[in-house]
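Engineer: Just the structure for this:
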Amino acid sequence: MFIRIFSLFAYVTLLMGCSSNNPEIRALCLRDDIGNYILKWETEPQMEGILKMYVSDNPEMFNKSLPAGYANIKDGVTTYITNDNMSRKYFLLSFNDKYFKTVGARSVGMDSIQNVREIGGYETGHNHKATRWGKVYRSGQLSSLSEWDSIRLNNLHIKTIIDLRGNDELATYPLRYSNANIVHIPIPIKNIDNVITRIKEDRMRKGDGILFMQDTYLQYVTDYSEQYAKALDVFLDEDNYPILVNCSMGKDRTGYLTAMLLFALGIPEDTVIKDYMASNENINIVHLANMARDLSTNAQETITALVTVNEGLIDLVMKRIRKDYGSVDKYLSKGLHLTEKKQNKLKDILLY
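Structural biologist: Okay, here's the model as predicted:
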């Protein structure tokens, strides 16, 4: 599991300072199956000396008088051992007390919520800034929270939840978290009841499921741009943070909104796609497979197509955006009403 996650999350690169003599530092934080934090780093050129590790629950505040650990910079790895799987830790890495890098584990471990993660640490494509940690989270629906997961959500200090599920979904699976302001912006999945019926009756194949998902994604551009524009406006108010975006599984509607937010922040397209594809590593497919074990093979293959993401879907929607608007930037400004002023405000809030 650890190896799969490590291969998914590429090193996040941050150039420290403005001088060309400063080293390039790449750092990564993961959690192992026990819950310990594994910190890895590389410097270019290779640096010698001492790495100090500082730990905090708040990525904006570290007590530099109390290092939590030391390592030889040339080792490239250290472990922060903890038996606390309820709170979330961030790390400030100090290289010879001269260069600093903040890092956290992007995935958030939960028992009863699918696909919980945050968008901190993504580097922009031009000015060496990065998305702030602890500001924006994404997840599947919060309809069956365990007691422990309620505590974990509390520890994230979520102030605003953007719920993108349709009214029928919300009525069937109410949001079970009351410690945040709920902003409901319904983006319904059209014809989903018919799809479920056809799957149960073994009248839908994997190819049909793929076509259904393609149609759904195209509707994000053709039918729901106003809803997504309204959702993006929530990010313009600093008092709303930290913000959690969710839908049924946190992969499609949430994935699309997150992608548009990252584009608005100047994150490169390949990084945006990696964030989108990370849903496949954060959705418990085994749990879903157990639910579908009594269905036919065709039905199970169709369900797999519906509950996973693939690069073809995001590529399809990007082509539609460019066909209808000319570019992603024009779609952001015309389709999603993100003026240059709004985009600059987003960058002021979410980049450092």
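Engineer: helix or strand right after the helix or strand of the chain with the lowest mean pLDDT?
Structural biologist: The weakest-scoring helix or strand in the chain, judged by mean pLDDT, DSSP states H and E, is strand 12-15 (a mean of 35). Downstream of strand 12-15, the next assigned helix or strand under DSSP states H and E is strand 24-31.
Engineer: buried residues in the helix or strand just after that following strand?
Structural biologist: Next along the chain after strand 24-31, taking DSSP H and E as the criterion, comes strand 37-44. For strand 37-44, a neighbour-count test (16 or more other C-beta atoms under 10 Å) marks 37, 38, 39, 40, 41, 42, 43 as buried. (Glycine included, C-beta is placed from N, CA and C.)
Engineer: before we move on, what about stretch 42-57?
Structural biologist: Neighbour-count burial for stretch 42-57 [16+ other C-beta under 10 Å]: 42, 43, 47, 51, 52, 53, 54, 55, 56.
Engineer: This protein: strands as residue ranges?
Structural biologist: For the chain, applying DSSP state E gives strands covering 12-15, 24-31, 37-44, 50-56, 69-72, 77-80, 90-95, 99-104, 117-118, 136-139, 160-163, 181-184, 243-246.
Engineer: any chance of these in TSV, plus distance to residue 148?
Structural biologist: Output for the strands of the chain, formatted as TSV (distance: least, C-beta to C-beta, whole Å):
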stretch	distance to residue 148
strand 12-15	29
strand 24-31	16
strand 37-44	19
strand 50-56	22
strand 69-72	27
strand 77-80	21
strand 90-95	21
strand 99-104	20
strand 117-118	18
strand 136-139	15
strand 160-163	19
strand 181-184	21
strand 243-246	17
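Engineer: Looking at those strands, spot the one closest to residue 314.
Structural biologist: When the strands of the chain are compared by C-beta to C-beta, strand 136-139 sits nearest residue 314, at 14.8 Å.
Engineer: Okay, now the sheet partners of that closest one, with direction.
Structural biologist: For strand 136-139, the paired strands and their directions (DSSP bridges) are strand 117-118 (antiparallel), strand 243-246 (parallel).
Engineer: List the contacts of that strand.
Structural biologist: For strand 136-139, contacts defined as C-beta atoms under 8 Å, 6 or more residues apart in numbering pick out 108, 110, 113-120, 156, 158, 235, 241-246, 250, 254-255, 258, 261, 350.
Engineer: Just the buried ones out of the residues you listed, please.
Structural biologist: With burial judged by 16+ other C-beta under 10 Å, the buried subset of the contacts of strand 136-139 is 108, 110, 113-120, 156, 158, 235, 241-246, 250, 254-255, 258, 261, 350.
Engineer: Tell me which entries of the residues you listed lie within helices.
Structural biologist: The members of the buried ones among the contacts of strand 136-139 that map onto helices under DSSP state H are 156, 254, 255, 258, 261, 350.
Engineer: Out of the strands paired with strand 136-139, which is closest to residue 267?
Structural biologist: Across the strands paired with strand 136-139, closest to residue 267 is strand 117-118 (C-beta to C-beta), at 13.7 Å.
Engineer: pLDDT (mean, whole number) over that closest one?
Structural biologist: Mean pLDDT, strand 117-118: 98.
Engineer: before we move on, what about stretch 52-63?
Structural biologist: The model assigns stretch 52-63 a mean pLDDT of 97.
Engineer: Contacts for it next, please.
Structural biologist: The contact list for stretch 52-63 (C-beta under 8 Å, 6+ apart) reads 39, 64, 66-71, 78, 80, 87-94, 97, 102, 104, 120, 132-134, 155.
Engineer: what does stretch 217-234 give?
Structural biologist: Residues from elsewhere that reach stretch 217-234, judged by C-beta under 8 Å, 6+ apart: 160, 162, 164, 183, 185-187, 190, 240, 243, 245, 252-253, 256-257, 260-261, 264, 313-314, 316-317, 320-321, 324, 331, 335-338, 342.
Engineer: Could you do stretch 70-83 as well?
Structural biologist: Stretch 70-83 has contacts (C-beta under 8 Å, 6+ apart) with 35-43, 46-53, 55, 68-69, 89, 91, 95-96.
Engineer: mind running it again at 6 Å?
Structural biologist: Applying C-beta atoms under 6 Å, 6 or more residues apart in numbering, the contact partners of stretch 70-83 are 36, 37, 38, 39, 40, 41, 47, 49, 50, 51, 52, 95.
Engineer: Also stretch 148-167?
Structural biologist: By C-beta under 6 Å, 6+ apart, the residues outside stretch 148-167 that reach it are 86-87, 110-113, 175, 180-188, 231, 234, 240, 242-247, 253.
Engineer: now do stretch 295-305
Structural biologist: With C-beta under 6 Å, 6+ apart as the test, stretch 295-305 has contacts from 199, 202, 204, 205, 206, 209, 210, 292.
Engineer: same thing but 8 Å
Structural biologist: Applying C-beta under 8 Å, 6+ apart, the external contacts of stretch 295-305 come out as 199-200, 202, 204-206, 208-210, 213, 285, 288-289, 292-293.
Engineer: which residues does the nearest residue to residue 252 once chain neighbours are set aside contact?
Structural biologist: In space, and not counting its chain neighbours, residue 252 is closest to residue 216: 6.8 Å by C-beta to C-beta, 6 or more residues apart in numbering. Applying C-beta under 8 Å, 6+ apart, one finds that residue 216 lies in contact with 189, 190, 252.
Engineer: The residues you listed in helices, which ones?
Structural biologist: Among the contacts of residue 216, none falls in helices (DSSP H).
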